[in-house]
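Peer 1: Below: sequence and its predicted model.
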Amino acid sequence: MRRVAVFSPPTPRRKPLYIGALEFDLLLGDVHSLKEKRSVIRPILAELTKRFAVNAAEAGDQDLHRRALLGVVMVSAEPSHLNEVLDKCERHVAARPEIELLAVRRRIFGPED
């Protein structure tokens, strides 16, 4: 049986949910193998998950040893809280000295999407 996700409209008793996503395009510094890449990426993903209560994963460029595409996702009932946490995640990744942040893409999905 196939499940289909359906978002029902908010009611007075139920708040709408917002989904926020960040996509980080990273250039890694002094990395010469996929094993070294993992040793740089894994701690970043673990810190994001533990510190900010988000889901984080390497989402692309797995076969390139100096590039990484990381994804971060969060669900919240308040769009302001969602943006605040995503801002903190972005600053946290940008502050890492061993990587260069090439681009960040942010998407917010609400009940009308």
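Peer 2: Okay, I see it. Keep in mind that this is a model prediction, so the values were computed, not measured.
Peer 1: what sits up against the top helix by length along the chain?
Peer 2: Assignment by DSSP state H gives helix 34-52 as the longest helix of the chain. For helix 34-52, the external contacting residues (C-beta atoms under 8 Å, 6 or more residues apart in numbering) are 28, 31, 54-58, 62-63, 65-66, 68, 70, 72, 74, 85, 88-89, 92-93, 96, 98-99. All C-beta spots, glycine's among them, are computed from the backbone N, C-alpha and C.
Peer 1: Now do it: distance to the chain's middle.
Peer 2: How far helix 34-52 lies from its chain's middle: 12 Å, per C-alpha atoms, centre = their mean, to the nearest Å.
Peer 1: List the buried residues in that helix.
Peer 2: 37, 40, 41, 44, 45, 48 (16 or more other C-beta atoms under 10 Å).
Peer 1: what about the protein, any weak spots by pLDDT?
Peer 2: Low-confidence segments of the chain (pLDDT under 70): 1-13.
Peer 1: does the residue nearest in space to the middle of it count as helix, strand or coil?
Peer 2: The centroid of the chain falls nearest to residue 72 when counting by C-alpha atoms, centre = their mean (1.1 Å). Taking DSSP: H, G, I helix; E, B strand; the rest coil as the rule, one finds residue 72 in the strand state.
Peer 1: What residues does it make contact with?
Peer 2: Applying C-beta under 8 Å, 6+ apart, the residues near residue 72 are 21, 22, 24, 48, 54, 55, 56, 86, 89.
Peer 1: what would those residues look like in TSV with distance to residue 104 and secondary structure?
Peer 2: Listed next are the contacts of residue 72 as TSV, based on distance: C-beta to C-beta, whole Å; DSSP: H, G, I helix; E, B strand; the rest coil:
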residue	distance to residue 104	secondary structure
21	11	strand
22	6	strand
24	6	strand
48	13	helix
54	14	coil
55	17	strand
56	13	strand
86	10	helix
89	10	helix
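Peer 1: Pull out the buried residues from those.
Peer 2: Neighbour counting by 16+ other C-beta under 10 Å classes 21, 22, 24, 48, 54, 56, 86, 89 among those as buried.
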